[in-house]
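In: Have a look; sequence and predicted model below, questions after that.
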Amino acid sequence: FTSNGDLTVVGLTINSLNSATTPVSVSGNATVSGTVTVTAFATPPTTGQQIIILSAGNISGAFNSTAVLPAGYIGTVATAGNNIILTITGSQYGNYRSAGTGLKVDLATTSNWQFYNGTTWVAATTAPSGIALYGDTILIRHGDTWQNNVAATSIPNGVILIDSSASFGTFSTTNKLTNNGTVMFAGSSLQTIPGAASLSSTSFSGGGGSWGNLVINNASGVTAMQGIGNYMHLSNITLQSGIFTSSGTGGSTLYVDGTITGGSGSMTTSTTTGTNFGVTMYGSGQPQTIPANTFTNNTLSRFSINNTSGVVLNGSLTVSGAVYLTGAGANLTANGNLRSTGISVSVLNSSVTPVTVSGNDTIDGTLIVSSFASTPSAGDQFVIVSAGTLQGTFSAVTLPACYSRTRSYTGATAIITISGVAVG
């Protein structure tokens, strides 16, 4: 509706609100009061979406701040300059669940789902992919099978999907799942879930796909199967119960980009063929803290720190392979005991100790330094390890080709000293 003059609006009812079209436009002054009522949306909105419902040369008065919306939605109305805007703030009910009758359920298929209307469960009129609102829950019930091969799907921000199923159907490697919310695996038997190839990637380097925010709440365990050359990223992980295993068929790497929240569960990696590359703390420049007993049996095959702001490990850890520190400033602080076979430092910085251990550090294997943050001179010293107590020695030390060095162990500190720099 367009008014080429002034207009007084006492209450506004919109039968089908289209976010692409402003329902009321007034060239002059709009005097408004009463309540905004929307009986239906042309396209289901998402949480946080803002829709202009009235624009005018000038606005006086105000609508009630709370709008009346279709079941499942709540929203606010406010004046912003020459516009009155409806903001979708969340869902009153909005929870979805699968039927629990042995279906193969897909987040993009409407007929797979039921919707809670505030009183009872009814057949859903839309599929939950990309539609479920902030605070909603999507439940895959025991007996059903989660699959993702109809279309690319997404779990919106603030939505938690709880998967209680015992099995999984096909997860497409073309029509991938994007998790902007949280996925909780809460089965009563071992759940074997899809690997990175079926998950959308995010801004991290190194390729692979991300499960996003993950909660492990299955006492029987959850195993993610990785294909050759695929890397699994986790935005954040909560280990409520059970063991989470990232298992590779041609090598295994698990990246943790954010936080780890502990519980009674733990996490580990394994591989059937190839190399087990263990866990990489990625961090994206934010310091990371690892709770005690995060890793199953407090062991890992390999531990990598790719976080220039550093990682703090609470508790003890045995690494059967090496500890890798990637990037200038990457460092590990272990509040417990540490045992590893070798340390590899990609960029050694004289102002940063790569490994600091409050308890006992048992070292072995080769120390590899790939480069220096700044060009060292003969006589420069670099502390590699500082510990409460130090056991063992490095069997060999490898530096860039033009440098020679000596190594020493002073008290509980492992030090290398540059003894010569080749010129030419």
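Out: Perfect, thanks for sending it.

In: Q191 against V222, yeah?
Out: Yes: if you go by Cβ atoms under 8 Å, Q191 and V222 touch, sitting 4.9 Å apart. The way it works is simple: take the backbone N, C-alpha and C, and place the C-beta from them, glycine included.

In: so what's in contact with these two at the same time?
Out: F185 (Cβ atoms under 8 Å, 6 or more residues apart in numbering).

In: contacting residues for D144?
Out: 98-105, 165.

In: Over to M225?
Out: Counted by Cβ under 8 Å, 6+ apart, M225 has contacts 192-195, 247, 249.

In: For the stretch 101-250 of the chain, which residues score under the pLDDT cut-off?
Out: Low-confidence segments of the stretch 101-250 of the chain, defined by pLDDT under 70: 118, 202-208, 227-230, 249-250.

In: Among the contacts of D144, which one lies nearest to G262?
Out: S165 (25.7 Å; Cβ to Cβ).

In: Now do the closest one against S111, distance only.
Out: 17 Å (Cβ to Cβ, to the nearest Å).

In: Those two - which one has more neighbours?
Out: S165 (25 against 11; other Cβ atoms under 10 Å).

In: was I right about that one contacting L139?
Out: No: counting by Cβ under 8 Å, S165 stays clear of L139, with 10.0 Å between them.

In: Give me the subset of the contacts of M225 lying in strands.
Out: Per DSSP state E, strands hold the following members of the contacts of M225: 192-193, 247.

In: Are any of those residues buried, and if so which?
Out: 193, 247 (16 or more other Cβ atoms under 10 Å).

In: Switch the ones in strands among the contacts of M225 over to TSV; also include distance to I260.
Out: Below are the ones in strands among the contacts of M225 laid out as TSV (distance: Cβ to Cβ, whole Å):
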residue	distance to I260
T192	22
I193	18
S247	19
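
In: Just the closest of the ones in strands among the contacts of M225 to S304, please.
Out: S247 (17.9 Å).

In: Okay, that closest one and T253: tell me how far apart.
Out: For S247, the distance to T253 - Cβ to Cβ - is 11 Å.

In: hang on, the earlier thing: and which of the contacts of D144 is nearest to G135?
Out: Of the contacts of D144, the one sitting nearest to G135 (Cβ to Cβ) turns out to be S98, at 19.4 Å.

In: Report the contact partners of that closest one.
Out: 105, 112-114, 139-141, 144.

In: bridging residues for it?
Out: On the basis of DSSP bridges, S98 is bridged to W113.

In: mind checking how far it is from L399?
Out: 58 Å.

In: Quick check, T79 in contact with S65.
Out: No: T79 lies out of contact with S65 (Cβ under 8 Å); the separation is 10.1 Å.

In: Comparing those two, which shows the higher neighbour count?
Out: A count of neighbours by other Cβ under 10 Å puts T79 above the other of T79 and S65, at 17 against 11.

In: Assign that one to helix, strand or coil.
Out: strand (DSSP: H, G, I helix; E, B strand; the rest coil).

In: pLDDT score assigned to it?
Out: For T79, the pLDDT comes out at 95.

In: mind listing what it touches?
Out: 59, 62, 85.

In: residues in contact with the first one?
Out: By that I understand I59. 29-30, 32, 79, 82, 84.

In: Just the ones of those residues in helices?
Out: Applying DSSP state H to these, no entry is found in helices.

In: Could you identify the buried members of these?
Out: Buried among those by 16+ other Cβ under 10 Å: 29-30, 32, 79, 84.

In: Report the central residue of this structure.
Out: S235 (1.7 Å; Cα atoms, centre = their mean).

In: so who does that residue touch?
Out: So S235 contacts 202, 210-214, 257-258 (Cβ under 8 Å, 6+ apart).

In: Now the phi/psi pair for the nearest residue to I384 once chain neighbours are set aside, please.
Out: Using Cβ to Cβ, 6 or more residues apart in numbering and skipping the chain neighbours, the partner closest in space to I384 is A414 (4.7 Å). Dihedral pair for A414: phi -100, psi 130, per degrees, to the nearest 10.
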